[in-house]
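> let me see the structure of the following:
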Amino acid sequence: EVQLVESGGGLVQAGGSLRLSCVFSGFTFDAYAIGWFRQAPGKEREGVLCISSRGVNLTYTDSVKGRFTISSDKAKNTVYLQMDDLRPDDTAVYYCAADSPITYCSNAYPPTMDYWGKGTLVTVSS
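Predicted coordinates:
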């Protein structure tokens with residue numbers, strides 16, 4: 001059974017940084033795409049960034065370019081979302097999601113993700 005567990009959310013002031021973690025388990029093959037998504041109050045869920053098991057990244061939303069970075073540590077079965085220069089409009093519940101078996105992040109939007117974590121809340125104050 002695939003499981004994804006997010007952590008690292010919290011309250012931060014505008015301009016600050018947070019690093020979210022997504023610990024994953026249960027993939028049958030080393031072939032997956034793991035993405036970060038977010039949903040702000042009253043808004044639709046949107047994709048943020050994705051990383052494949054081959055380490056190739058894909059950005060889903062232009063608003064995070066130059067501020068957010070996705071990375072992975074295979075030894076720890078963890079994908080990270082480093083968020084810098086946070087803005088109040090980054091406030092949302094952030095979800096980790098995965099598709100497997102696949103070795104790339106799909107260019108299709110919204111991407112199909114079969115597995116989802118429960119989310120972690122990020123609040124950015126002005």
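> and the residue nearest in space to the middle of the chain, what helix or strand is that in?
Of all residues in the chain, the one closest to the mean position by CA atoms, centre = their mean is residue 36, 1.8 Å from it. Residue 36 belongs to strand 33-39 when assigned by DSSP states H and E.
> residues in a beta bridge with the residue nearest to the centre of the chain, which ones?
residue 49, residue 96 (DSSP bridges).
> ok, it to residue 125 distance?
21 Å (CB to CB, to the nearest Å). Backbone N, C-alpha and C define where each C-beta goes, glycine included.
> can you give me the strands in this protein?
3-7, 10-13, 18-25, 33-39, 46-52, 57-59, 68-73, 78-83, 92-99, 115-116, 120-125 (DSSP state E).
> of all the ones you listed, which one comes closest to residue 107?
Closest to residue 107 of these, according to CB to CB: strand 57-59, at 7.2 Å.
> so for the closest one, mean pLDDT?
Taken as a whole, strand 57-59 carries a mean pLDDT of 94.
> now the end-to-end length of stretch 10-26.
27 Å (CA to CA, to the nearest Å).
> buried residues, stretch 64-74. List them.
By 16 or more other CB atoms under 10 Å, the buried positions in stretch 64-74 come out as 64, 68-70, 72.
> including distance to residue 105 and pLDDT, could those residues go into a markdown table?
Shown next, in a markdown table, are the buried residues of stretch 64-74 (distance: CB to CB, whole Å; pLDDT from 0 to 100):
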| residue | distance to residue 105 | pLDDT |
| --- | --- | --- |
| 64 | 15 | 97 |
| 68 | 15 | 98 |
| 69 | 15 | 98 |
| 70 | 10 | 98 |
| 72 | 12 | 97 |
